[in-house]
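*Asks:* make a model of this:
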Amino acid sequence: MCGIAGFTHAKRAETGRIQKAVATLSHRGPNQQGVYESETVSLGAARLKIIDIDNGDQPILCEEPRTVIVFNGEIYNHLELRRELEQRGHSFRSHTDTETVLHAFIEWDTECFSRLRGMFAVALWNECERRLVLARDRMGIKPLYIARRGDDLYFGSELKAILIHPEIDRELSLEGLDCYLSLNYVPAPWTLVEGIEKLLPGQWLEWRRGMVNVSRYWQLPRGNTANCTPEEAEAELDRLLKQSVREHLQSDVPLGVWLSGGLDSSSLVHYAAQESSSPLMTFSVTFHGRSFDEASYVREVANSYGTRHTEFDLNPGQDLPQAIHELAYYCDEPNADSGALPVWFLSRMTRATATVALSGEGADELFGGYLTHRASLLASKARRLPRPLLEFLLAASRRLPVSNEKIGFEYKLKRFLEGCLMPAARAHIYWGGAFGDEDKRSLLQQALPPALESILVAGGGSLQDYLWFDQKYFLPDNILTKVDHTSMAHSIEVRPPFLDHRIVEFANSLPAGMKMQGSTQKVILRRLMQGKLPPAILNRKKIGFDIPAHDWFRGPLRPLLEEAVAFASAEHGDFFQIPKIEACMRAHFERRANLGYNLWGLMTLFFWMQKWRIQTRAPARTPRRSMEPAFSSTS
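*Replies:* Okay, here's the model as predicted:
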């Protein structure tokens, strides 16, 4: 696991520039940093040693043909690929998967990416052809940022590896902001920095003498194809999970499992315990004394499987302001998911005893596990009611007392009814996001381009539509980005076994009835784990892994929020409608509304802009209307 960075240069590169880029990624790879420089390209990597600790320093160079690799990720089938390559005459100097990927590229060129099973972002340079190839894994587990200035290409595992270049402007992207304020994240290909994009999952990019070509090696599947009984589907999922977890346990360093006590992480503990010859290490964050604390479920699973369990209680007594300011640096693509804060502390705790952690990301998006999935289907029935009746119910819900619960009844009811008055696709993202269209417009002194509108699923209305959207955008650009940046800030590699592409393809082939039936969600996974997990785990309600934002913004986080808004007022008062933001704050503090998650997103945005000196456009300027990204397609 590593961080990678690099750039092409038509002219001689500034001395030490690539070393500076790699230095920004040292937290991703504290064990070794290295660079490769030629007349045309500079490549670098910061390595966290997981496989073959004594060898495999990067970059790795194959002299004939003269090809170089920098690599971030894990390839779980690298040994079987290596055996095939050895039969074809290739020889190896290390046991790392990085060297296997290098030789696979030499043998099969860009067709090699479809042979890789795992998570990765990779850059390969052929000196003779003056050709650079970048690629990203199928589900977007590992990030890869790209920018172009003139004929030159810049890339990195994090934005900061690109922002060190003086050629790169630090201007706020209006397309990215349009999405961020609604979704709480920025979907690929955009970022929040104008001119910097994300390579899409399943894509590769070729740069050759200033010319760029982008292509896909894998497409997220959509639509039912499986013709199997529930019993057959259960058996196949069991086989795939066993295989995936077994492969994800490969490590030459200590490994554990992040355990929430929910169905997904508990299932991983079950399969990992079957494969492990020694007790597993498990790690959890708790919220003692709160209604959403999952400690009792966590301990039941830990006791059932005899794990070596460690917990961290997240409460206002911790140094929350310090952690939030550090998030602004390490999560240099801002993410308004307040779950980043517990993941931050979970990663820090894990690093004390383990370097690798398995985690349950992806199961909700594959099998229909979110409350928003139930809301979307329920809303299709609610929309049959007369619109005036829905508007009356919404007005009544706004008069309900505001609670301090993380997600109280009145909050859910109001958001649900608001969504029922929206088109189906827009409502689905609103329930998991922040600002509606009207509120979003009122926050700014100028109009935004309709970037969000261009990626919404046309029509929507079916569970499969919502799951596809969540897999394509919410999963890679929110969940996986959050986990990658917060875990790598502490030099932790997190592996999501549910996102083996064979499981993804299988899950997307199943009919909706094997995912949701009435109020029962993740039907096929729940069916599989019957008789394996404790009944309390199978029958419990899902609890989101985030903080009580409504409550904490009325208490310990209020000064931090006021600090962030004061900065925005002083530096960007001609861009944001500060009086509107201050009105939202007063409404929240006075318990006239629960706006904690909206305020978290604004605070995160403002601290990020402050940390990275992001500039905004003067309102008099016309927003850029071109929706065509430089490298990628949103289709």
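
*Asks:* tell me the contacts of residue 521?
*Replies:* 367, 368, 369, 370, 373, 374, 515, 542 (Cβ atoms under 8 Å, 6 or more residues apart in numbering). (Each C-beta comes from the backbone N, C-alpha and C, glycine too.)

*Asks:* quick check: bridge partners of it?
*Replies:* residue 516 (DSSP bridges).

*Asks:* list of residues touching stretch 468-483?
*Replies:* Stretch 468-483 is contacted by residues 139-141, 143, 183-188, 198, 201, 220, 222, 331, 333, 335, 337, 339-340, 343, 359, 361-362, 364-366, 370, 425, 428-429, 432, 455-457, 460, 494, 496, 504, 508 when judged by Cβ under 8 Å, 6+ apart.

*Asks:* one more: stretch 222-238?
*Replies:* Residues outside stretch 222-238 that contact it (Cβ under 8 Å, 6+ apart): 464, 468, 503, 506, 508-511, 514, 524-525, 527-528.

*Asks:* likewise stretch 97-104?
*Replies:* 51, 56, 58, 60, 62, 67, 69, 71, 74-75, 78-79, 81-82, 85, 90, 92-93, 112, 115-116, 118, 120, 122, 124.

*Asks:* are any of those residues buried, and if so which?
*Replies:* Buried members of these, scored by 16 or more other Cβ atoms under 10 Å, are 51, 56, 58, 60, 62, 67, 69, 71, 74-75, 78, 81-82, 85, 90, 112, 115-116, 118, 120, 122, 124.

*Asks:* in a strand, residue 267, correct?
*Replies:* No - looking at residue 267 with DSSP: H, G, I helix; E, B strand; the rest coil, it is helix, so not inside a strand.

*Asks:* next secondary structure after the longest helix along the chain?
*Replies:* With secondary structure taken from DSSP state H, the chain has its longest helix at helix 230-248. Reading on from helix 230-248 to the C-terminus, the next helix or strand found by DSSP states H and E is strand 255-258.

*Asks:* so for residue 51, what's the pLDDT?
*Replies:* With respect to pLDDT, residue 51 has a value of 78.

*Asks:* please read the previous query as pertaining to residue 253.
*Replies:* 89.

*Asks:* now residue 65
*Replies:* In this model, residue 65 carries a pLDDT of 88.

*Asks:* swap in residue 625?
*Replies:* 40.

*Asks:* where does the stretch 501-635 of the chain have low pLDDT?
*Replies:* 618-635 (pLDDT under 70).

*Asks:* redo that, cut-off 80
*Replies:* 543-545, 617-635 (pLDDT under 80).

*Asks:* and the helices in it, which stretches?
*Replies:* Counting by DSSP state H, counting those that start in this stretch, the stretch 501-635 of the chain has helices at residues 501-509, 523-528, 535-539, 549-553, 558-572, 578-589, 596-612.

*Asks:* just the CA trace of the longest one, in PDB.
*Replies:* Presented in PDB, the C-alpha positions along helix 596-612 are these (Å, rounded to 0.1, in the frame of the first residue of the first chain):
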ATOM      1  CA  GLY A 596     -26.300  19.600  12.200                       C
ATOM      2  CA  TYR A 597     -25.400  17.600   9.100                       C
ATOM      3  CA  ASN A 598     -25.800  20.700   6.800                       C
ATOM      4  CA  LEU A 599     -23.600  22.700   9.100                       C
ATOM      5  CA  TRP A 600     -21.000  19.900   9.300                       C
ATOM      6  CA  GLY A 601     -20.700  20.100   5.500                       C
ATOM      7  CA  LEU A 602     -20.200  23.900   5.500                       C
ATOM      8  CA  MET A 603     -17.700  23.700   8.400                       C
ATOM      9  CA  THR A 604     -15.700  21.000   6.600                       C
ATOM     10  CA  LEU A 605     -15.700  23.100   3.300                       C
ATOM     11  CA  PHE A 606     -14.600  26.300   5.000                       C
ATOM     12  CA  PHE A 607     -11.700  24.700   7.000                       C
ATOM     13  CA  TRP A 608     -10.600  22.900   3.800                       C
ATOM     14  CA  MET A 609     -10.600  26.200   1.900                       C
ATOM     15  CA  GLN A 610      -8.600  27.800   4.700                       C
ATOM     16  CA  LYS A 611      -6.100  25.000   4.900                       C
ATOM     17  CA  TRP A 612      -5.400  24.800   1.200                       C
END
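
*Asks:* report the distance from it to the chain centre.
*Replies:* 18 Å (Cα atoms, centre = their mean, to the nearest Å).

*Asks:* tell me what that helix is packed against?
*Replies:* Applying 3 or more Cβ pairs under 8 Å, 6 or more residues apart in numbering; DSSP states H and E, we find helix 596-612 packed against helix 174-183, helix 320-330, helix 549-553, helix 558-572, helix 578-589.

*Asks:* mind listing what's buried in that helix?
*Replies:* Quick answer for helix 596-612 (16+ other Cβ under 10 Å): 596-612.

*Asks:* could I get the contacting residues of residue 555?
*Replies:* So residue 555 contacts residue 316 (Cβ under 8 Å, 6+ apart).
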